[in-house]
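Visitor: Fold the following for me, if possible:
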Amino acid sequence: MNVSKVIREIMRHRETSALVVDHDLLFLDYLSQQLMVFTGKPAIHGNVEGPFGMEDGMNKFLSSLKITVRRDKESKRPRMNKQGSVLDREQQNKGNYYYS
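Guide: Now for the predicted structure:
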């Protein structure tokens, strides 16, 4: 998370943006304000959508993976819900795969 803080500070200081490609949801959650969502089959075909705000982009991405993410009540850190758990089912029924 220190890397995300450094990148964010550099962007703020230079008044610029950065394009970051990563698969770590926690890292992206800390760093990003907007997301591009890529779909398709690797090395065969692909599509890109966005940019989206974090909530819309993460909901689109996480729903395709059937993963829900909540914020831990004590630490406030992102946590993935166990597939099929009560929290997972509640969030999916609301169409809210990513906490807001």
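
Visitor: What segments of this protein are helices?
Guide: 2-14, 25-31, 54-65, 86-94 (DSSP state H).

Visitor: Give the residue spans of this structure that score low on pLDDT.
Guide: 100 (pLDDT under 70).

Visitor: Dead centre of this protein: give me the residue that sits there.
Guide: residue 58 (4.3 Å; C-alpha atoms, centre = their mean).

Visitor: Looks like that one contacts residue 96 (just checking).
Guide: No - judged on C-beta atoms under 8 Å, residue 58 makes no contact with residue 96 at a distance of 10.0 Å. For glycine as for every other residue, the C-beta is placed from the backbone atoms N, C-alpha and C.

Visitor: Measure how buried residue 91 is and give me the count.
Guide: As a burial measure, residue 91 scores 21 neighbours (other C-beta atoms under 10 Å).

Visitor: Ok, residue 70 next?
Guide: Residues near residue 70, counting by other C-beta under 10 Å: 17.

Visitor: Contact partners for the nearest residue to residue 32 once chain neighbours are set aside?
Guide: Distances taken as C-beta to C-beta, 6 or more residues apart in numbering place residue 54 nearest to residue 32, at 6.1 Å, with adjacent residues excluded. Listed by C-beta atoms under 8 Å, 6 or more residues apart in numbering, the contact set of residue 54 reads 29, 32-35, 98.
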